[in-house]
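> Would you be able to build a 3D model of this:
(2 chains)
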Amino acid sequence: MFGLTALELARIQFGFTISFHIIFPAITIGLASYLAVLEGLWLLKKDAVYVELYHFWSHIFAVTFAMGVVSGLVMAYQFGTNWSHYSNFAGSITGPLLSYEVLTAFFLEAGFLGVMLFGWNKVGPGLHFFSTVMVAAGTLISATWILASNSWMQTPQGFEVINGRVVPVDWLKVIFNPSFPYRLAHMTVAAYLATALFVGASGAWHLLKGRNTPAVRTMFSMAMWLVLIVAPLQIAIGDAHGLVTREHQPAKIAAIEGHWANKPGENVPLILFGWPDMAAEKTRYAVEVPHLGSLILTHSWNGQIAGLKDFAPQDRPDSTIVFWTFRIMVGLGFLIALLGVLSAWARWRGVLFESRNFQRFALMMGPAGLIAILAGWLTTEIGRQPWVVYGVMRTKDAVSNHSALELSATLVLFMVLYTAVFGTGIRYLMKLAARGPEQFGGHFPAPPPETGRPARPLSAVADPLDA
Amino acid sequence: MGIDLPVIWALIIAFGLMMYVVMDGFDLGIGILFPFIRDRVDRDTMVNTVAPVWDGNETWLVLGGAALMGAFPLAYSVLLSALYIPLFFMLVGLILRGVAFEFRFKADETHRPLWDKAFASGSYLATFSQGVALGAFINGFTVSANAYDGGSLDWLTPFSLFTGAGLIAAYALLGSTWLIMKTEGALQHRFKSITRPITLVVLAAIAVVSLWTPADHPEVSARWFSFPNILLFSPVPVLVVVTTIAIQRVIRQETHAAPFGLALFLLFLGYTGLAISLWPNIIPPAISIREAAGPPQSMGFTLVGALFVIPFILGYTAMSYYVFRGKVKAGEGYH
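Residues are numbered from 1 along each chain as shown, chains lettered A, B, ... in the order given. Below is the predicted model:
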């Protein structure tokens, strides 16, 4: 298809299915913690507005959770079907970590999700709050296992290669590998930010529609507080993450910056924009700020970083792509921080709930967090190339021996299916968000009286799909 | 160390797979029976009988996949890459089925038939693909240098197509007997009359597979037809016939749970027969669980979590089936 090789098609297939998947867990992680905060505030302040918001957002949480489970099923198999040489080589590490993720999710779903979604009228407030907190903790633990697994592929340690296969010798080192704490913090905070932007956009939408109610004001205000405080924190975490990457994956940083070579004693400029040309080994049309690259990447005025030419051509990631995906992520990050600052200003002026221009901006920023997450993952995964396990196994040695034809056909089918199925799911989510918290005021997701059944996440939501 | 990790993990994975086959088997069976039941209210009743439990059932499949990768990386990589196309269609079928399951309750009257079709065709596709994968698994795989070395269509044989069709009959039997247990009146009567021919089809399918497999594979033939094995294993086929006759008998009378129990037993016998044929191989025809085992550091590490969580899951599953015991009536509002 389009002259792509089987390897490229396998990578696109993995990228496509995991990009679709990550949207749902990211919102699930954020909403679970948000719901725990809402319920805590309700118990503390006994203000009915928090119950209203809890029920509104627990409906949306149920749908994203269900979508995450369905799209996650594919991921559990793709390592074997498409990356069989990787699985045989490093399944001894990835397999146990993913097993723990599944066990955690299983445990969480079995125990607390049912109580959280269906137990409002059945158990006491303390136990219900506990269940919500456990679900929130469960989503974070799940994320921890997945990120440990991914981080090990980025900065592997704690293993030996024996008879051509990875043998874990120190699980603590495997899990707490150098990039893991930074990736975990960066991704968790990203999930919180993406969720806050989604909640904020939904609040802005209702305000713009003239539904200036206590619940809408509360959720809009809470979302903007989170953005104001957490967006700068995320920039700091991202900076620390970058320093670790420079130390352990210097080629990735060079590709991100479109930086080809150093001159002795000279500082590294920051290339704001440009077009890294892999064949010509230079970055065309570069707009540079002197010293800024040194300052950001080495935290010193004249520090140097490795250039792409320090690596053999076959060891270089594609700078053209990661240069831009990184700038999309960072650009959105600063826009998000700007939204937070503007919200503080609007709040101080007392026009947070009145300024239509600010609300339009908040509405537009609704998907910004998710787009930034996708751009960030593209950067870190493509930046790891040509390695699947950095410095240990190359991606071309990891892929299964399928033909380009097979992979094209399955990729097209995946695209059609995902668009139809998850397109419907996202449309349904939008519809729920558009209804607003008041609509859920008297509609607690309680089990129907006759049967008294707990059930699956999506049955917590009674809304029709069409109409 | 006295713990035989490969055997423990083989048992855990075999157990998980059987939990999946049994529990998602009757969910999928309901989709398979959809074309035979046209009435909307009846269809709602059918789906309502599994609504509280079906998504937990599917989780066993995810756990099986992850555990196989952790415990037997070689088997995970060879089996999944060899079965790429059938597994791909299985996933497509499961996604269609799962999402259609939820959305048919939320769709309006004009869209509902579309979701019903997606539900039924997803169930057929997932089941047939699983059956084909099973047949290809029995046939075995070409492996060299720790990797699958066969063609991309090696799974496609008359035998695997037959097992695909056979599994549709087997899941239909689980579905129809489950529904005998969970429904009443005219609808239950329909399922009783459907169950009788399905039982015979399943018996025929088991018989054909039982003869076809040893005919194709001398090592399987030697396993079954050598002395004293032939005596030791003879209860399996005998019990298959006895169970089939028992199902035919009980459904003529006033009965509820017995046919489902017997159908489960029939499936368990088939599973046992398969285990006898293939043990101790995890990649037929030649790679055993020991050869495919991952390092003990991986198996031991994961075992801790599995031993902690799996009993909890089993307890919870038993509890939710207990809570949802009894008949589901037409129009009983679950949604």
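> Which stretches in the chain count as strands?
This is for chain A. Along chain A, counting by DSSP state E, strands occupy A:159-162, A:165-168, A:270-277, A:282-289, A:387-389, A:393-394.
> could you do chain B instead?
Going by DSSP E, chain B shows strands at B:143-144, B:147-148, B:281-283, B:287-288.
> As TSV, those with mean neighbour count would be great.
To be clear about C-beta, it is placed using only N, CA and C from the backbone, and glycine gets the same treatment. Shown next, in TSV, are the strands of chain B (neighbours: other Cβ atoms under 10 Å in any protein chain shown):
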stretch	mean neighbour count
strand B:143-144	13
strand B:147-148	21
strand B:281-283	23
strand B:287-288	18
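> mind giving me a markdown table with those and columns for mean pLDDT and distance to B:A14?
Listed next are the strands of chain B as a markdown table, based on pLDDT from 0 to 100; distance: least, Cβ to Cβ, whole Å:
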| stretch | mean pLDDT | distance to B:A14 |
| --- | --- | --- |
| strand B:143-144 | 89 | 21 |
| strand B:147-148 | 89 | 22 |
| strand B:281-283 | 90 | 10 |
| strand B:287-288 | 90 | 14 |
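> follow-up on the earlier one: highest average neighbour count across the strands of chain A?
strand A:387-389 (a mean of 23; mean count of other Cβ atoms under 10 Å in any protein chain shown).
> So is that strand next to chain B?
No: judged by Cβ under 8 Å from any Cβ of the partner chain, strand A:387-389 stays clear of chain B, getting no closer than 13.3 Å.
> Name the surrounding residues that touch that strand.
A:83, A:86, A:89-90, A:152-153, A:156, A:166, A:393-395, A:397-398 (Cβ atoms under 8 Å, 6 or more residues apart in numbering or on different chains).
> Pull out the buried positions in the longest helix seen in chain A.
The longest helix of chain A (DSSP state H) is helix A:6-45. When burial is assessed from 16 or more other Cβ atoms under 10 Å in any protein chain shown, helix A:6-45 yields the following buried residues: A:6-7, A:9-14, A:17-39, A:41-42.
> now swap in stretch B:232-250 and tell me
Neighbour counts over stretch B:232-250 (16+ other Cβ under 10 Å) mark B:233, B:239-240, B:243-244, B:246-248, B:250 as buried.
> Return the per-residue confidence for A:A62.
Looking at A:A62, its pLDDT is 88.
> circling back: just the buried residues of stretch B:232-250: which are in helices?
Judged by DSSP H, helices contain the following of the buried residues of stretch B:232-250: B:233, B:239-240, B:243-244, B:246-248, B:250.
> and of those, the nearest to chain A?
B:V250 (27.7 Å; Cβ to the nearest Cβ).
> And the closest residue to that closest one other than its chain neighbours, how far from B:T177?
Spatial nearest neighbour of B:V250, excluding adjacent residues (Cβ to Cβ, 6 or more residues apart in numbering or on different chains): B:A258 at 4.6 Å. In this view, B:A258 and B:T177 are 9 Å apart by Cβ to Cβ, to the nearest Å.
> cool, and A:G333?
Relative to B:T177, and taking Cβ to Cβ, A:G333 is found at 57 Å.
> quick one: which of these two has more around it?
B:T177 (32 against 22; other Cβ atoms under 10 Å in any protein chain shown).
> Any stretches of the stretch 51-200 of chain B with poor pLDDT?
Within the stretch 51-200 of chain B, the segments meeting pLDDT under 70 span B:55.
> likewise the stretch 251-400 of chain A?
For the stretch 251-400 of chain A, not a single residue meets the criterion pLDDT under 70.
> residues from it in reach of chain B?
Checking the stretch 251-400 of chain A against chain B by Cβ under 8 Å from any Cβ, the hits are A:S400.
> Residue of the stretch 251-400 of chain A closest to chain B, please.
Per Cβ to the nearest Cβ, A:S400 is where the stretch 251-400 of chain A lies closest to chain B, at 4.1 Å.
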